[in-house]
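Need coordinates for the below:
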Amino acid sequence: MSKPQSTRRRFLKTTAATTLGTSLLPAVSWGKVLGANDRLNMAVIGTGGMGTGHTRNLMGRKDAENIDVIRVCDVYRRRLNEAERIIGKPGSGTMEYREIIDDPDVDAVLIATPDHWHTKIAIEAMENGKDVYCEKPLSHTIPQALACRDAVKRTGRTLQVGPQGTSQGNFWAARQAIADGRIGKPTWSQGAYCRNSRGGQFNWPIHPDAGPNKDAASEGYVWWDRWLGHEYDLSPKIDWNADHFFRFRKYFAYNGGLATDLLYHRLSPLIMAISGHSGEYPKRVVASGGIYLEKDDRDIPDTFFMMVDYPSEHTVVLASVMTNDDTWPYVIRGQYGTMNFGDGLDLAEQATWSEEFQEANGQSSIHLDAVPRRDHMGNFLDAVRNGDRLACDVDLGCSVMVAIKMGVEAYRQNKVLLWDTDAEEVVAT
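Model (predicted):
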């Protein structure tokens, strides 16, 4: 099976860096120190659907944000060529992600690979002095999430995780309202992400000419072994499987299905609003569901529910169903009142505790405006340049990842799972 070779440019850079002794410097010193007016040079690693969308978005804000995308990386030649065309820099693409993180001209990387590659690339990038925007979820496993959290602390780099709901102003307003005691102590909340489709969820198109047994320069070439990452124990080594490559979200080997792809979006802003910007690790997680209708080769469920109990005495109920798109909204329920999300927040009293609710709010119901916020990518750029507070930093991202992954494993193992805070590991009951 052919694979792309490392370029002479990368070899010379690596040799020069070793000669100069930069490998002996602290990782945080490798990155450039950017001023507010400096151009931020970015690279995108993983240019599938989400990565291509991010690349177009970044190029669309190039002048206004004083940024540029100077490198792109993907293991599928067709996607890589398209990404090169989008950024308008022929020859800037590579299939070897290490060429990106070794490039001293790259200040920050955006990682939009399949989940099983997220943290390996993120950690190596930070250790090479890059700041990181990592698509959600943070990782594929809990140990990977913890390792990434620790790498952020060790390197001092900026890392934003990608659940964009954490940048929505209504959740920042919710955080302040809860901190101010407007609904009393929150006791349970809910979130859901539901869809429906005729072809089966995640059954994205397959390109018939794609595969690893092509000439490495051809449009259809896929560096399959690198995509699997089996040499780093990121997933099992298997023969070429187009369904696994183009429809990876159907398989637990590479992600957690509905929980990691969709419910990570829902839990992140909820737990930020309830527990604070650093999140909260769970106490107990249960899950249920199954493959009720979409009975193809997938092993992820098409119907999934999970409940997360937190040490702060709060329960979050989450649902993701791919066979009916009738969903339920975000709601946070406190002892004094109920919080509903829309264009801002609407708080309504619990009749039993009307006195306490009205003391906190001045009336029996109240509307609160959303807090004005930059979008998620804008927040990341401001954090890199100015040190602004991240909407989803690694602490929040890691605590959510632990809860979500526990939900996946509670479903797969048919067990109630507990979090051992001291050992930072999962315990099955």
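
Not counting sequence-adjacent ones, nearest residue to the residue most central in space within the chain?
Central residue check for the chain by Cα atoms, centre = their mean: the C-alpha nearest the mean position is that of K136, 1.2 Å away. Of all residues not flanking K136 in the chain, G162 sits nearest, at 4.2 Å (Cβ to Cβ, 6 or more residues apart in numbering). (Glycine included, C-beta is placed from N, CA and C.)

which residues touch the strand or helix carrying A360?
Per DSSP states H and E, A360 falls inside helix 354-361. Contacts with helix 354-361, where a contact means Cβ atoms under 8 Å, 6 or more residues apart in numbering, come from 180-184, 336-337, 347, 349-350, 364.

In the stretch 301-429 of the chain, mark out all the helices, start to finish.
Remark: helices assigned in the stretch 301-429 of the chain by DSSP state H, counting those that start in this stretch are 354-361, 376-386, 394-413.

Q144: which of these is closest?
For Q144, the closest of the helices of the stretch 301-429 of the chain is helix 394-413, at 8.4 Å, according to Cβ to Cβ.

And the closest one, what does it pack against?
Applying 3 or more Cβ pairs under 8 Å, 6 or more residues apart in numbering; DSSP states H and E, one finds that helix 394-413 contacts helix 142-155, strand 159-161, helix 264-275, strand 284-290, strand 303-310, strand 417-420, strand 425-428.

export the ones you listed to JSON lines and tack on distance to I100?
Formatted as JSON lines, these follow (distance: least, Cβ to Cβ, whole Å):
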{"stretch": "helix 142-155", "distance to I100": "17"}
{"stretch": "strand 159-161", "distance to I100": "16"}
{"stretch": "helix 264-275", "distance to I100": "25"}
{"stretch": "strand 284-290", "distance to I100": "36"}
{"stretch": "strand 303-310", "distance to I100": "34"}
{"stretch": "strand 417-420", "distance to I100": "35"}
{"stretch": "strand 425-428", "distance to I100": "33"}
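
Figure out which of those is closest to W223.
So among the helices and strands packed on helix 394-413, helix 142-155 is nearest, using Cβ to Cβ, at 21.6 Å.

Could I get the average pLDDT for that closest one?
Helix 142-155 comes out with an average pLDDT of 98.

and if you look at stretch 82-93?
What stretch 82-93 shows for mean pLDDT is 97.

Also stretch 258-267?
Averaged over stretch 258-267, pLDDT sits at 98.

ok, residues contacting it?
115, 136-137, 140, 163-165, 191-193, 249, 255, 287, 300-302, 304, 306, 308, 316, 318, 320, 322, 330, 400-401, 403-405, 407-408, 411.

quick check: domain ranges of this protein?
Under the assignment automatic domain parsing, the domains of the chain span 8-162, 166-200+255-374+393-428.

Make TSV from these and add distance to D239 to it.
Putting these into TSV (distance: least, Cβ to Cβ, whole Å) gives the following:
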stretch	distance to D239
domain 8-162	16
domain 166-200+255-374+393-428	14
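
rank those domains by pLDDT, which is bottom?
Lowest mean pLDDT within the domains of the chain: domain 8-162, at a mean of 87.

what's in contact with stretch 49-66?
37-40, 42, 44-45, 47, 67-69, 72, 74, 79, 82-83, 86-87, 110, 112-113, 135, 204, 377-378, 381.

Pull it out as CSV, backbone CA atoms only.
Provided in CSV are the C-alpha atoms of stretch 49-66 (Å, rounded to 0.1, in the frame of the first residue of the first chain):
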residue,chain,number,x,y,z
GLY,A,49,-17.4,18.4,5.6
MET,A,50,-16.8,20.2,8.9
GLY,A,51,-13.2,21.1,8.2
THR,A,52,-14.1,22.5,4.8
GLY,A,53,-16.8,24.6,6.3
HIS,A,54,-14.4,26.0,8.8
THR,A,55,-11.8,26.7,6.1
ARG,A,56,-14.4,28.7,4.1
ASN,A,57,-15.5,30.5,7.2
LEU,A,58,-11.9,31.5,8.1
MET,A,59,-11.2,32.7,4.6
GLY,A,60,-14.4,34.7,4.7
ARG,A,61,-13.2,36.6,7.8
LYS,A,62,-9.6,36.9,6.6
ASP,A,63,-9.4,40.6,6.3
ALA,A,64,-11.8,41.6,9.1
GLU,A,65,-10.0,39.4,11.6
ASN,A,66,-6.4,39.8,10.2
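
Next, the buried residues of that stretch.
50-52, 54-55, 58, 65 (16 or more other Cβ atoms under 10 Å).

which SS state does G191 fall under?
With DSSP: H, G, I helix; E, B strand; the rest coil as the basis, G191 sits in strand.
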